[in-house]
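> Give me the fold of what follows.
(one chain, ligands or ions: 1)
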Amino acid sequence: MNSKQEEMKCRDYAVNWHPYTQMKTATDIIPIVRAAGSYLYDANNKQYIDAVSSWWVTLHGHAHPYIAQKLSEQLHTLEQVIFAGFTHQPAIELSERLLALLPVAQTKVFYTDNGSTAIEVALKMAIQANYNKGGKKTKILAFKNGYHGDTFGAMSVSGRGVWTDPFGAMLFEVLFIDAPTKSNLEETKAFIQQHAEETICFIYEPLVQGAGGMLMHQAEDLSALMQFCKSKGILLIQDEIFVGFGRTGKLFAANHLTESPDVMCFSKGLTGGTLPLGITTCTEAIYQSFFDSDKTKALFHGHSFTASPLACTAALASMDLLLMDETQQNIAAISHQHHLFIQRLKHHPQVLDARQCGTIFAMEWKTSGETSYFSDMHDILYPFFLERGILMRPLGNIIYLVPPYCMSEEDLSYIYSCIEEALELMCK
Ligand SMILES: *Cc1c(COP(=O)(O)O)cnc(C)c1O
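Okay, here's the model as predicted:
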């Protein structure tokens, strides 16, 4: 073992508390010293293919020279300025370009600095829009198994489980509904109807429920549900934090849907995964319910790093790359490769389900035991892939791929072959 690697591990363990990690039982941590394209390199120069885009954020590969160049220029021009009472070119340009790119009518952009806070702002917009108009509604609708972040509001509207149990008593009440299918639509509508008068908004992850296990539903079923909510005066909050910016094969999940939301949330791939940034957009009607000579009707929310010029610059550079023909072709190619792989997997005796939505691939293993987040599968599969130079993070018995768009056909094929090797091993 290289001593630098060991030294970094020891020093890390002494001072760092890692996210979503039981530090006592945590498997060996891997110090990464550099990255390029789809690859991460540890202190021993071992290469890992980043098959999860480093928690779903990296769109165009690591340390992208174009984003780095743009950031470096911005860093020498304007690194930060308060966004209350002041503005700057990157925020103006990013808002203009994002609003123009969205296939639905959103007219204003509110900046934060991560996905969870983008959700908090979305919830506040919906709740206060109702309040500012003198409304008395108090209920919020959300999907079971949803995930919207880790702050209290975001936790409240997320599916409940071991993650939220310690805070259960402090979370606000939410009406949970099943993700839409052709067969449950009428039943769900009846349930919503019962609560329509008191319901402010419906928050949902469109098409793919990521952290819930890459659960997927059909665009037309979600559109039907959205349409029903709208007809009942229930505001729609569309969380595109994971699925936005090409993940689903189209620029946004909104490009698959026939109904338009009132509020939308973006983060993760927004900056190409370079810097933290959150965006909440809204329709003109939502904005107008705050726009008043009465100062108390303002949205009293802001973060120190709201609309960071650096993060906005990274987002603009990422958008340039995303819109290039080459990137769009890569997205289509990854989607096609996933499709072919699923055909191959479908009849495997060890596979319970294999599914995809654009560049997002997921496969469920048949397990005899429990299939929770804590199932042993993770403990077997995570090191199995690491040994083969692949970073993947199984969610219980579900393994998934969220590759950066620059991933080569060869690397993706290699990952598939390792998945098949794991399947053969599990058969024995
Ligand atoms: C990751 C995620 C969030 C939370 O974003 P953070 O930046 O991790 O706070 C919210 N919604 C969805 C759908 C996500 O995948």
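> What lies in contact with stretch 403-416?
Stretch 403-416 is contacted from outside by 37-38, 49-51, 53, 58-62, 246, 273, 327, 330-331, 333-334, 337, 341, 344, 359, 390, 392, 401, using CB atoms under 8 Å, 6 or more residues apart in numbering. All C-beta atoms are positioned from the backbone trio N, CA, C, and that covers glycine.
> Not counting sequence-adjacent ones, nearest residue to the residue of the stretch 101-250 of the chain found nearest the ligand?
Nearest residue of the stretch 101-250 of the chain to the ligand (CB to the nearest ligand atom) works out as Gly115 at 2.0 Å. Leaving out its chain neighbours, the residue that sits closest to Gly115 by CB to CB, 6 or more residues apart in numbering is Ser267, at 3.6 Å.
> State whether the one you found and Ala118 are indeed in contact, as I suppose.
Yes - look at Ser267 against Ala118 with CB atoms under 8 Å: they come within range, at 5.4 Å.
> Where does Asp353 sit: helix, strand or coil?
The local conformation at Asp353, judged by DSSP: H, G, I helix; E, B strand; the rest coil, is strand.
> Leaving out chain neighbours, which residue sits closest to it?
Leaving aside its chain neighbours, Asp353 sits nearest to Glu364 (4.5 Å; criterion: CB to CB, 6+ apart).
> OK, contacts around that neighbour?
Applying CB under 8 Å, 6+ apart to Glu364 gives the contacts Gly213, Val351, Leu352, Asp353, Ala354, Thr371, Asn397, Ile398.
> And Met363, by the same measure?
Contact analysis of Met363 by CB under 8 Å, 6+ apart lists Leu345, Val351, Asp353, Ala354, Arg355, Ile398, Ile399, Tyr400, Ile419.
> What parts of the stretch 151-300 of the chain come near the ligand?
Proximity of the stretch 151-300 of the chain to the ligand (CB under 6 Å from any ligand atom) is limited to residues Glu205, Gly210, Ala211, Asp239, Ile241, Phe242, Ser267, Lys268.
> now do 5 Å
With the criterion set to CB under 5 Å from any ligand atom, the stretch 151-300 of the chain comes near the ligand through Glu205, Gly210, Asp239, Ile241, Phe242, Ser267.
> Is Cys265 inside a helix or a strand, and which specific one?
Using DSSP states H and E, Cys265 falls within strand 263-266.
> Output that strand in CSV, but only the C-alpha positions, please.
The C-alpha trace of strand 263-266 is given here as CSV (Å, rounded to 0.1, in the frame of the first residue of the first chain):
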residue,chain,number,x,y,z
VAL,A,263,-42.8,26.0,-9.9
MET,A,264,-39.6,24.1,-10.9
CYS,A,265,-36.4,23.1,-9.1
PHE,A,266,-32.9,22.6,-10.5
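> can you list the residues that contact whichever helix or strand comes after it?
As assigned by DSSP H and E, the chain's next helix or strand after strand 263-266 is strand 278-282. The contact list for strand 278-282 (CB under 8 Å, 6+ apart) reads 98-99, 102, 106-119, 121-122, 125, 241, 262-267, 270.
> Of those, just the buried ones, PyMOL syntax please.
This is how PyMOL selects the buried members of the contacts of strand 278-282, with burial counted by 16 or more other CB atoms under 10 Å:
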select buried, resi 98+102+106+108+109+110+111+112+113+114+115+116+117+118+119+121+122+125+241+262+263+264+265+266+267+270
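> so the most centrally placed residue in the chain, which of the three states?
The centroid of the chain falls nearest to Phe242 when counting by CA atoms, centre = their mean (2.1 Å). Three-state call for Phe242 (three-state DSSP): coil.
> Could you export the contacts of Glu364 to TSV, including columns for pLDDT?
Below are these laid out as TSV (pLDDT from 0 to 100):
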residue	pLDDT
Gly213	95
Val351	94
Leu352	93
Asp353	96
Ala354	97
Thr371	52
Asn397	88
Ile398	94
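> and which of the residues you listed is nearest to the ligand?
When the contacts of Glu364 are ranked by distance to the ligand (CB to the nearest ligand atom), Gly213 comes first, at 12.1 Å.
> Can you check the pLDDT for the closest residue to Tyr287 other than its chain neighbours?
The spatially closest residue to Tyr287, leaving aside those adjacent along the chain, is Lys108, at 4.7 Å (CB to CB, 6+ apart). Lys108 is assigned 98 on the pLDDT scale.
> Ile380 now?
Value for Ile380, per-residue pLDDT: 86.
> related to what we said a few turns ago, from the contacts of Glu364, list the buried ones, please.
Gly213, Val351, Ala354, Thr371, Asn397, Ile398.
> Now flag whichever of those is closest to Leu381.
Set against Leu381, the nearest of the buried ones among the contacts of Glu364 by CB to CB is Asn397 (9.0 Å).
> wait, isn't the closest one in contact with Asp379?
No - counting by CB under 8 Å, Asn397 does not reach Asp379; the two are 11.7 Å apart.
> hmm, back to that, okay, and the common contacts of Ser267 and Ala118?
Ile241, Gly278, Ile279.
> What is the burial count for the last one?
For Ile279, the number of neighbouring residues by other CB atoms under 10 Å comes to 26.
> got the contact list for Ile177?
Applying CB under 8 Å, 6+ apart, we find Ile177 in contact with Leu141, Ala142, Phe143, Lys144, Thr188, Phe191, Ile192.
> one more time with 7 Å
Residues near Ile177 by CB atoms under 7 Å, 6 or more residues apart in numbering: Leu141, Phe143, Lys144, Thr188, Phe191.
> Buried among these? Make that a PyMOL selection.
Applying 16+ other CB under 10 Å to these, the buried members can be selected in PyMOL as follows:
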select buried, resi 141+143+188+191
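> Compile the contacts of Ile177 into JSON lines and extend it with columns for distance to Thr27 and pLDDT.
Formatted as JSON lines, the contacts of Ile177 follow (distance: CB to CB, whole Å; pLDDT from 0 to 100):
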{"residue": "Leu141", "distance to Thr27": "38", "pLDDT": "98"}
{"residue": "Phe143", "distance to Thr27": "31", "pLDDT": "98"}
{"residue": "Lys144", "distance to Thr27": "30", "pLDDT": "97"}
{"residue": "Thr188", "distance to Thr27": "40", "pLDDT": "98"}
{"residue": "Phe191", "distance to Thr27": "42", "pLDDT": "98"}
